[in-house]
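*Asks:* Fold the following, please.
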Amino acid sequence: MSESIQKFKEMADRAETIAVRLGKADDIAKALAGALAHQTFLKAGKKSHIDSDNLSERTKNCVSVLFGENSNPFDRNFDAKENILIKLDTKSLPVSSLKYEQDGDMLKIILESAEAKSFDPKIVSVEKEAVPTDLLLLINPAEAEVESLLSETAHKNAVKLSIKEKSLAVKSTEILEAFFGEIPDEFKEVVWFLAAHEEKTNHPPKKETLALLGRLLDQNLAYEKIKKAKEALRPSDFWKLFGRALARSSFEKETATTWAFLPKTDFAKTNEGERNLLAILEEMRSLRPESNFFALLWESSLAPATKSINALLAGNDASKLKTLAELLGSFPASSYFFAKGFATFSEAELKIRGFIRRVL
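*Replies:* Below is the predicted model:
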């Protein structure tokens, strides 16, 4: 067991309540890793809460199939609590003693002060205060999201589960083995799906992830369950939209960039929404993982007509991707980022290509 996993296990052992946060992206890898952590805490007898509000129904259905069709992997056994906080400025009103008494349904809080006669009620405030959870776990958060995620959930301790050194599948496995000594049978298909999903976009392949997949091959996996999960995540309408993206795709040899374009008519004709763009990008990456960059440009029906072209960009080099994101006024989330507000496809393509050349 690595030192970092040992420290995390010790923090989790001391915690009674744990919150798992996935961030804003509808990302199947984050959803699977978050659900695995959440279910690990529940199985270990902890009170755990996971926020899955930003996940699509397809993502939730896929995760549910892998955990068992009658299960709810995002179900929680506690909700965040709040206390009523009464505050006053003791510089303006020095308090010598405090007591309370019950008068029927009325609770009286009695303060004794030598300055009571000059008391101004305006110095007293009543507000809600969230009860901090013992441990907050952030699943591979985007840099720009970290501060808001930390502030949104009151906590005593926080840990980030990132992919800087190891994949989410490998880290999830290390956590499972730290708690249970092995991967519990009910989680094996989940780990397999997560590892296979991450590995198909890796270039070069990651040795630890491949080794994990090799170990799981000997575990009598339920491949029918895995097949149903894939169908839940990528139904037939998705492949219609993906096919249109492929029809308008090309590989630019000079910059080793894979390009694809989707006008808004494609969304209407396939009955698919813009929420599935990340999934399209993932499938593009799996077809040509050796590309330096991937650029999926689309025309949004949600943006003003003069600024309706947006881009979803990805890359395998974290440092170069971050630089490209900064040049385009954005920030990376995992290995991708969004750039929005172009007037035309041509403008977006020329600007992005120019910045890619600068990065390379």
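*Asks:* okay, and for the stretch 51-200 of the chain, where does confidence drop off?
*Replies:* For the stretch 51-200 of the chain, no stretch has pLDDT under 70.
*Asks:* Where do the helices of it begin and end?
*Replies:* Using DSSP state H, counting those that start in this stretch, the helices of the stretch 51-200 of the chain run over 57-67, 143-152, 168-180, 188-199.
*Asks:* So what does the residue lying closest to residue 291 once chain neighbours are set aside have for phi and psi?
*Replies:* Nearest non-adjacent residue to residue 291, counting by Cβ to Cβ, 6 or more residues apart in numbering: residue 258, 4.6 Å away. For glycine as for every other residue, the C-beta is placed from the backbone atoms N, C-alpha and C. Dihedral angles of residue 258 (phi, psi; degrees, to the nearest 10) stand at phi -100, psi 120.
*Asks:* I'd guessed residue 258 sits against residue 251; true?
*Replies:* Yes. In terms of Cβ atoms under 8 Å, residue 258 counts as a neighbour of residue 251; the distance is 5.4 Å.
*Asks:* The helices of the stretch 51-200 of the chain: which one's closest to residue 308?
*Replies:* The closest of the helices of the stretch 51-200 of the chain to residue 308 is helix 143-152. By Cβ to Cβ, the value is 23.4 Å.
*Asks:* Identify the residues contacting that closest one?
*Replies:* Applying Cβ atoms under 8 Å, 6 or more residues apart in numbering, the external contacts of helix 143-152 come out as 21, 23, 24, 136, 138, 141, 158, 160, 331, 332, 333.
*Asks:* Of these, which belong to strands?
*Replies:* Among these, the ones falling in strands (DSSP state E) are 21, 136, 138, 158, 160.
*Asks:* Near the first one, how many other residues are there?
*Replies:* Counted with other Cβ atoms under 10 Å, the burial measure for residue 21 works out to 22 neighbours.
*Asks:* ok, it - contacts?
*Replies:* Counted by Cβ under 8 Å, 6+ apart, residue 21 has contacts 34, 50, 51, 136, 137, 138, 139, 141, 149, 152, 153.
*Asks:* mind redoing it with 6 Å?
*Replies:* With contact taken as Cβ atoms under 6 Å, 6 or more residues apart in numbering, residue 21 is in contact with 51, 138, 149.
*Asks:* contacting residues around the helix or strand hosting residue 230?
*Replies:* Per DSSP states H and E: residue 230 is located in helix 223-233. Here helix 223-233 makes contact (Cβ under 6 Å, 6+ apart) with 58, 61, 62, 65, 66, 189, 193.
*Asks:* Ranking by neighbours, what's the top pick from those residues?
*Replies:* That'd be residue 66 among the contacts of helix 223-233, by other Cβ under 10 Å, with 30 neighbours.
*Asks:* Might one say that it is in contact with residue 190?
*Replies:* Yes. Look at residue 66 against residue 190 with Cβ atoms under 6 Å: they come within range, at 4.6 Å.
*Asks:* in stretch 326-333, what's buried?
*Replies:* Within stretch 326-333, the residues that count as buried by 16 or more other Cβ atoms under 10 Å are 327, 328, 330, 332, 333.
*Asks:* Pick out the lowest-pLDDT one from those.
*Replies:* pLDDT across the buried residues of stretch 326-333 is lowest for residue 333, at 78.
*Asks:* That one: what's its closest spatial neighbour, skipping adjacent residues?
*Replies:* residue 142 (3.4 Å).
*Asks:* What distance do you get for the one you found to residue 290?
*Replies:* 25 Å (Cβ to Cβ, to the nearest Å).
*Asks:* okay, these two: which has more neighbours?
*Replies:* Using other Cβ under 10 Å as the criterion, residue 142 and residue 290 rank with residue 142 on top: 17 against 9.
*Asks:* hmm, who's touching the one helix or strand residue 279 maps to?
*Replies:* Take DSSP H and E as the rule and residue 279 turns out to sit in helix 277-287. If you take Cβ under 6 Å, 6+ apart as the criterion, helix 277-287 is touched by 200, 201, 242, 245, 294, 296, 312, 314.
*Asks:* For the stretch 201-350 of the chain, just list every one of the helices.
*Replies:* In the stretch 201-350 of the chain, the helices defined using DSSP H, counting those that start in this stretch lie at 207-216, 223-233, 236-247, 264-270, 277-287, 318-327, 345-359.
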